[in-house]
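K.L.:
got a predicted model here, sequence first, then my questions.
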Number of protein chains: 2
Amino acid sequence: MTREPMTAPQAERVSALLKALADPVRLQLLSLVASHEGGEACVCDLAEAFDLSQPTISHHLKVLHGSGLLERSKRGVWVYYKVADEVLNSLGKLISSAGA
Amino acid sequence: MTREPMTAPQAERVSALLKALADPVRLQLLSLVASHEGGEACVCDLAEAFDLSQPTISHHLKVLHGSGLLERSKRGVWVYYKVADEVLNSLGKLISSAGA
């Protein structure tokens, strides 16, 4: 979204990222992961903040990971998620750049 | 999406903005308006860039305006659209701030 108009393939890619992000629970999950100690969290840390089942939280985390907005690593029995800083930063800059 | 977790009402508001933006045609429309001479454009300037009817383009412009992402003003028979810089900038910063 620079002064050079976005091409159709670019718009498709950005749209897919925004769709993954455009859900109230996923936005809250992402911000909870970012604000968690050490910048990462497992589903065990996150489920208690919502009035939702752990499988529902896991589904939303899977969408965020599938789109590239969350990274994950397995340690012991838990999967830990952290925000994909570069992806979020690039997306944020792209959106801001449409403004003056 | 700062280090303070987002509240449910904040997430609802941001989600509504992102949903309006999360469409390939609307992303291209917004970037076309931003890159148009003087930073504004009417549907007459925009329709030719797409293989879509003018009513379809008008519908997408209406969604972008309804969400606050585009401003509009009427001059003569045409409605001119311009990007709502502050809204886009705030949204972009909010998304970037989730990254490091």
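P.N.:
On my side now, so go ahead.
K.L.:
closest to the centroid, which residue in chain A?
P.N.:
A:L69 (3.6 Å; Cα atoms, centre = their mean).
K.L.:
and A:L18, how many neighbours?
P.N.:
Close neighbours of A:L18, defined as other Cβ atoms under 10 Å in any protein chain shown, add up to 24. For glycine as for every other residue, the C-beta is placed from the backbone atoms N, C-alpha and C.
K.L.:
could you do A:Y80 as well?
P.N.:
19.
K.L.:
show me what contacts it?
P.N.:
Contact analysis of A:Y80 by Cβ atoms under 8 Å, 6 or more residues apart in numbering or on different chains lists A:40-42, A:72-74.
K.L.:
ok, residues contacting the helix-or-strand element of chain A with minimal mean pLDDT?
P.N.:
Between all helices and strands in chain A, the lowest mean by mean pLDDT, DSSP states H and E belongs to helix A:43-46, at a mean of 88. The contact list for helix A:43-46, computed with Cβ under 8 Å, 6+ apart, reads A:29, A:32-33, A:36, A:54, A:57-58, A:61, A:78-79.
K.L.:
just stretch A:58-66 next, same as before
P.N.:
Under Cβ under 8 Å, 6+ apart, the answer for stretch A:58-66 is A:20-21, A:23, A:25-26, A:29-30, A:43, A:46, A:70-72, A:81.
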